[in-house]
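A.B. asks: Need the 3D shape of this:
(chains A and B)
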Number of protein chains: 2
Amino acid sequence: MSAGALRPRFGDYPVGAAIPPLVRTVTREQIAAYAEASGDRNPIHLDEEFARSVGLDGIIAHGLLSMAFLGTMLTEWLGDPAALRSLSVRFSGVVRPGDTLTCTGEVTAAEVVEGSGGRVGRLRLALTGVNQRGERVLSRGQAVVELPL
Amino acid sequence: MSAGALRPRFGDYPVGAAIPPLVRTVTREQIAAYAEASGDRNPIHLDEEFARSVGLDGIIAHGLLSMAFLGTMLTEWLGDPAALRSLSVRFSGVVRPGDTLTCTGEVTAAEVVEGSGGRVGRLRLALTGVNQRGERVLSRGQAVVELPL
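C.D. replies: Predicted structure coming up:
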């Protein structure tokens, strides 16, 4: 399965290489769409008044929406969603509508492995998500991806 | 910050305890909403004809949409989204519209730690996502959550 002609190749991503970053400003519409997709309709994500009533400065984004941006960075780069094998992240900060997240990834390990369809290159990446104030909202992110040799 | 009165308590979840499962049937609307939220508009998630043209049986869900269901299971149980500290998962199978996912979680470790606001209970959970044929679509899932004592 391949969705694009320009898939990255293993040899172009040695340890230390960065992948194309993704920069997104979080909107209320995205938060509402994420609530719809996930079924997580906790009013602290959707209802300004409710959020204030529980001591917040207003609605906050779902942590997993930030994680979704990491996923989008990876799958846009990979071309093939099946190439993303695993993802992990620590939620380390609150994200509000209007915040701009910068997601980055860097190769920390690279090896050739025997896949179901022959030999493939497996990369381990360290990932981060940082807001416009330089605060890490996602930390200790890790992904494993598989690329053609 | 607390969004609900009925938050689970540390003492009620010893090692081996299960958390309330979440069962969801994936719809095309959820996939479209996830594309909107994440910005991942790869046509293999949205365009039936395109998906067939690249050898699939039709559109597939984003892997992170399945992960979103795990997140929803956790935050609905926790009440407070800030209680979810980390999440990791391995993508092990394709999810299509109409598939029903059952997400489950079980406590694998429990300890009392010093949090920023005093002592809290920290649980490590093993998570899985299984489709209606019993196939694991998410495997080796892990989460760390913090509960009041």
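A.B. asks: close to chain B, is the helix or strand hosting A:Ala143?
C.D. replies: Secondary structure assignment for A:Ala143, by DSSP states H and E: strand A:136-147. Yes: judged by Cβ under 8 Å from any Cβ of the partner chain, strand A:136-147 and chain B are in contact via A:Arg140, A:Gln142. Glycine gets a C-beta too; all of them are placed from N, C-alpha and C.
A.B. asks: list the helices and strands that strand packs on?
C.D. replies: For strand A:136-147, the packing partners by 3 or more Cβ pairs under 8 Å, 6 or more residues apart in numbering or on different chains; DSSP states H and E come out as helix A:63-78, strand A:84-91, strand A:100-115, strand A:118-130.
A.B. asks: Can you tell me which residue sits nearest the middle of chain A?
C.D. replies: By Cα atoms, centre = their mean, chain A has its centre lying nearest to A:Leu70, at 0.9 Å.
A.B. asks: Isn't that one up against A:Ser139?
C.D. replies: No: at 11.4 Å, A:Leu70 does not count as touching A:Ser139 under the criterion of Cβ atoms under 8 Å.
A.B. asks: Give the residues shared as contacts by those two.
C.D. replies: A:Val89 (Cβ atoms under 8 Å, 6 or more residues apart in numbering or on different chains).
A.B. asks: Throw the helices and strands packed on strand A:136-147 into TSV and include mean pLDDT, thanks.
C.D. replies: As requested, the helices and strands packed on strand A:136-147 are exported to TSV (pLDDT from 0 to 100):
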stretch	mean pLDDT
helix A:63-78	95
strand A:84-91	97
strand A:100-115	96
strand A:118-130	96
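A.B. asks: Of these, which is nearest chain B?
C.D. replies: Smallest distance to chain B across the helices and strands packed on strand A:136-147 (Cβ to the nearest Cβ): 2.8 Å, for strand A:84-91.
A.B. asks: Identify the residues contacting that closest one?
C.D. replies: For strand A:84-91, contacts defined as Cβ under 8 Å, 6+ apart pick out A:63, A:66-67, A:70-71, A:74-75, A:78, A:122, A:127, A:129, A:137-146, B:63-64, B:67, B:84-91, B:140, B:142.
A.B. asks: make it 7 Å
C.D. replies: For strand A:84-91, contacts defined as Cβ atoms under 7 Å, 6 or more residues apart in numbering or on different chains pick out A:63, A:67, A:70-71, A:74-75, A:78, A:127, A:138-146, B:63, B:84-91.
A.B. asks: quick revisit: most tightly surrounded among the helices and strands packed on strand A:136-147?
C.D. replies: Greatest average neighbour count among these goes to helix A:63-78 (a mean of 25), per mean count of other Cβ atoms under 10 Å in any protein chain shown.
A.B. asks: Return the distance of that one from the chain's centre.
C.D. replies: Relative to its chain's centre, helix A:63-78 lies at 3 Å (Cα atoms, centre = their mean, to the nearest Å).
A.B. asks: quick one, that helix and strand A:136-147 angle?
C.D. replies: Helix A:63-78 and strand A:136-147 are oriented at 40 degrees to each other (axes from the mean of the first three to the mean of the last three Cα atoms, to 10 degrees).
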